[in-house]
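Enquirer: Here is my input, please return the structure:
(2 chains)
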Amino acid sequence: MQGIEHYLKSILSFLPGLFLCVVLPFSVNAQTDTAKKLNEVKVKTSPIPQVQSMAPIQQISANAFDQYGAFDVAGAIRNFSGVNIKDYGGIGGLKTVSVRGLGANHTAVLYDGILVSDAENGQIDLSKFNLNNVQDITLFNGQPATICMPARSFTAASILSIRTIKPALTANKPYQVTAGIKAGSFGLIEPYLQWQQRINNNWSFIVNSYFEDANGRYKYQSSGNGSSSTRDRLNSDISARQVDGALYWTKNDSNKFNLHINYYDSERGLPGAVILYNANTSRERLWNRDFFMQAGYERIWASGLHLFLNTKLSQNYLRYLNPDFLNEQHLLDQRFTQREVYQSAALAYHFAPNWEVSYSTDVAVNDLNVLFNYPYPLFPHPTRLTMLNVLASNLTLGKLQLEGSLLNTNITETVKAGRAAPARNNFSPTLLAAFKPFENSGFQLRAFYKYIFRNPTFDDLYYGGIGNPNLKPEFTNQFDLGATYSKALNGFIDYIALTADAYYSHVTNKIVFIPKDAYNGSIQNFGKVDIKGIDISLKTQTKSISGYKGSLSLNYSYLQALNVTDPTSSIYLNQLPYTPKNILAFNAGIDHGHIGLYFNQVISSSRYYTNDNLPYDYIPGYAISDASFVYHTVLNNKPLRASIGVNNLFDKSYFVVQSYPMPGRSLRLSIQITI
Amino acid sequence: MKQIKLSYLLIAITFVVTLASCHKDKVIPKTNNPTATRAGLYVLNQGGFGSNNSTLTYYDYTTKQLTADLFSTANGGSKIGDTGNDVEIYGSKMYIVVNNSNRVDVVNAKTGKLIKQDSVHQCRSVAFYKGNAFITSYDGNVAVMDTTTLSISKYITVGRNPEQLVVSNDKLYVANSGGLSFGNPDKTVSVIDLTSLAETKKITVTANPVSLAADTYGNVYVISLGDFASVQGGITVIDNKTDAVKSQFAPSLGYNIPIAAQGDYVYYVTADNKIAVYNAKTQTAAQANFITDGTVITTPYTLAADALSGEIFVTDAKDYSSNGTLYAFDKTGKLEYSIVVGINPGKIAFVNK
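Expert: As a prediction, this is how the structure comes out:
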């Protein structure tokens, strides 16, 4: 009954979108297509993953999301080497990414090339990114190899780049509509719709929308009071909708423009930590309303001059409500609005075919407004002006490829009350190199060095009672040395792509929250971390043999992240909390005609959730398996795709974050048709 | 294969940690305190908020043995729960107040064996008088528990977010912090008549009162945190006969709240993490730092004075997220020994043989 109600609700809320779809094509089709002939360039794409880069790159494309049993961006990248997803559990639970032992604030998330910023707390919740409109997701350690890009792309220890689907339609079939629905455990219903339209030879657009509704409930094993019992995780519901539209103007590959508009709206319950003996269900709620508009223009002249302009406006609204808070009003109702205005210009020039120099400059203004339900005279309403300048160059000398960049960051802040953080000015260099010792061997050596920092967030600097305007940035020095091998083969194996990297990072001025007691605390620069690790990845695929094709990917990460703050302290040389030393992930699949069957496995070694690394604080390792079955066919010339995914196949009870139990086995069905 | 590997890893880590702890935990034997009646002491460690890792460390004076979590050992692996905030012994029983678990555990004071669990919403601290236990609840009440039947008989309404309480001159004093109303904390101490079990008066003190101590000269000391803005924290002294404010002073406390009274002296922690001594008899400052042998404590988290031995105990919470240390000082401020305790060691209780 509940399910039907939800279904009806989702259909109803979806109607306006359907209406839009039906009405708009007429007006669009009324335009005459002036294109006489299409200048299509057939690009022969090799299935071999791009691994021959100066800094490690890992990528997953849309067609593999089902294979990896992924529901959101966090799920799609969890197999990547060096990636540790901090998952608070459940369909609406917070998921952040830690790359190579660094905190979530060190990974910049790019959405179609432009940074998704959160000046307030800096941690991007990856569960907020739906996969329906995503073309591919790429993780760059260090920075991407291209140098003509916004300066912000140089400002993080690693970059997670999400690219959305771009329309690629011909005059013969100027539109494409994809409709689908996902449903399954957690009371999930998610209908989605995508409409691609070619307006004329130069103009096209795409609109994506989805509606997600889930009660989020799941069972978990509760223990700690001597016995184990099954309990329900409650107040974990989510209701979210998103509309994402993009308009493209493409004269040719060297002259193009895009405009993106995105709106995300969600309401969710925050189930909170599971507290021993305390059976009270949390009634905390969270609302998000995020809007952004971004545009980019790119032009490459025959002379070798390359211009890339980007601009963005965004507003993020967040409301947190706790109706059980024991203050005067018996209510905590906090509303935060942050805004950003961003402009970037990048100019590059090829002085020689093997030598390019680029200069990028970005300006961003961020502010944060807070509305509390009680007088809070101290909130400073900070405004931050960030100016970034990057000079970068790459050079190819025979078998050697070199790239270097120097980033200057200048941050000034003003506040309406209290004391503003002092102005910051930093220079951060990066050097990358790759060397191919033998021609056509598929073997390459690579290395990079990057010095970068994460600036304190508004919460770190100003949050009521705990913020500290004197905080310095948290600096990281990263060194990476690796080798890659990729080769197309003629035998049973179609190709093999292998990478191995060893890295060392040193973190200083680590920003940590130091609680004073259960209700007070402060944020300070406290700590140094030494990180050593190894990332290994293998991707391979068989040739098609009597219609059967097998694929395998394997990722292994070793990570030692040691506290080196104070040699006299008892926690000196202890592994950081929540940092597993070993993670092994593999994905194997077999395709035959219309069907594909895939198996995914993530094995994580144990962790400690405190600095002491004592048996008492031990979180056992876990091995979680997922399976998926994909069926695709063409029905009356219309591609149809259906899939069944089972996450946590063997119903294991486990934790990623202490006191936040993960769900057991869950099932998801999806079906989509393209017209 | 994986199982084997993981368990090897665990064993190896446990081994290394044990070795390391053996080295660090080395207990220097006590020499000068023949407290014949004391069996040992308990330290209640709060753990991390939301982490369900509160523990009860037991240190045996005779065997010099340390038990990291006596509660778990005595109760078949059960845990205390989330944020154990107070522990007190009354008669043969010990009362553990577990804030975020909404529980008061009544255990055998000697063995730690659980006798009864009572539910008190957001409970904070406990005090006793003539067969009753008084437990503050953060929702503005003091629960009254009969120490024989171990059930709650009554709730007395007090101010906002009551924290510590103390019995003095046959009256119960309760610090109403109002600490969760940022910008507008409470600023009163409730006086409860212990015969009628009703609030008789509210004494105005410095904003956000949290901790209390009573001396033998008829004074009740109240430490307040202030409002984190214009009102600075400080100490209010209340006369327990008239219930009037006798004096108020504002030493630089730096949001430290530990306070303990013992004999002629009151001990509290100043902003520079030193243990200040105040003369209760003359009502004047006595010493800027009680510690005379140069021992440095990073984060003094609680203070306790043993009336029998004259010793002063101070816990160090260090970075608030790793195991703390308990320091035992003799009455001249010289370190006797130190032991490793749990995360956020917030309360000490002495147990007799």
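Enquirer: Tell me where the model's unsure across the stretch 351-500 of chain A.
Expert: Along the stretch 351-500 of chain A, segments meeting pLDDT under 70 span A:373-378, A:464-465.
Enquirer: what are the ranges of the strands in the stretch 251-353 of chain B?
Expert: Assigned by DSSP state E, counting those that start in this stretch, the strands in the stretch 251-353 of chain B fall at B:259-262, B:265-269, B:275-279, B:284-287, B:300-305, B:312-316, B:323-329, B:335-343, B:345-352.
Enquirer: other SSEs contacting the fourth one?
Expert: Read that as strand B:284-287. Under the contact criterion of 3 or more CB pairs under 8 Å, 6 or more residues apart in numbering or on different chains; DSSP states H and E, strand B:284-287 touches strand B:275-279. In short, each C-beta sits where N, CA and C put it, glycine included.
Enquirer: Pull out the buried residues from the strand it packs on.
Expert: B:275-278 (16 or more other CB atoms under 10 Å in any protein chain shown).
Enquirer: and the angle from that strand to strand B:312-316?
Expert: Angle of strand B:275-279 versus strand B:312-316, following axes from the mean of the first three to the mean of the last three CA atoms, to 10 degrees, is 150 degrees.
Enquirer: Please name the strands paired to strand B:275-279 in the sheet, noting orientation.
Expert: strand B:265-269 (antiparallel), strand B:284-287 (antiparallel) (DSSP bridges).
Enquirer: ok, and the helix or strand in the chain with the lowest average confidence?
Expert: You didn't say which chain, so I picked chain A. Here the helix or strand of chain A ranked lowest by mean pLDDT, DSSP states H and E is helix A:2-29, holding a mean of 36.
Enquirer: so after that helix, what's the next helix or strand?
Expert: With elements assigned by DSSP states H and E, the helix or strand that comes after helix A:2-29 is strand A:57-61.
Enquirer: Which residues does that following strand contact?
Expert: Strand A:57-61 has contacts (CB atoms under 8 Å, 6 or more residues apart in numbering or on different chains) with A:49-51, A:68, A:70, A:76-77, A:80-81, A:135-141, A:144, A:537.
Enquirer: Can you give the strand pairings for that strand, parallel or anti for each?
Expert: Take DSSP bridges as the rule and strand A:57-61 pairs in its sheet with strand A:134-141 (antiparallel).
Enquirer: show me where pLDDT drops low in chain A?
Expert: A:1-47, A:224-227, A:373-378, A:464-465, A:514-521.
Enquirer: try 50
Expert: Counting by pLDDT under 50, chain A has low-confidence residues at A:1-46, A:374, A:517-519.
Enquirer: report the longest strand in it, please.
Expert: strand A:332-352 (DSSP state E).
Enquirer: is it true that residue A:582 touches residue A:560?
Expert: No - Residue A:582 is beyond contact range of residue A:560, at 10.1 Å (criterion: CB atoms under 8 Å).
Enquirer: need the residues of the stretch 51-200 of chain B near chain A, please.
Expert: B:51-53, B:55, B:68-69, B:75-79, B:81-83, B:85, B:98-103, B:117, B:122, B:138-140, B:160-161, B:178-184 (CB under 8 Å from any CB of the partner chain).
Enquirer: roughly how far apart are residue B:61 and residue B:68?
Expert: The gap separating residue B:61 from residue B:68 is 17 Å, by CB to CB, to the nearest Å.
Enquirer: What are the boundaries of the helices in the chain?
Expert: Reading this off chain A. A:2-29, A:73-77, A:458-462 (DSSP state H).
Enquirer: actually it's chain B I care about, not the one you picked
Expert: Under DSSP H, chain B gives helices at B:2-24, B:70-74.
Enquirer: Comparing those helices by mean pLDDT, which bottoms out?
Expert: When the helices of chain B are ranked by mean pLDDT, helix B:2-24 comes last with a mean of 40.
Enquirer: what's across from residue A:294 in the sheet?
Expert: Here residue A:294, judged by DSSP bridges, has bridge partners residue A:260, residue A:312.
Enquirer: just checking, it touches residue A:309?
Expert: No - the criterion here is CB under 8 Å, and residue A:294 misses it with residue A:309 at 11.2 Å.
Enquirer: Between these two, which has more neighbouring residues?
Expert: Of the pair residue A:294 and residue A:309, residue A:294 is the one with more neighbours under other CB atoms under 10 Å in any protein chain shown, namely 21 against 16.
Enquirer: Could you report the distance from that one to residue A:480?
Expert: Residue A:294 is 31 Å from residue A:480, by CB to CB.
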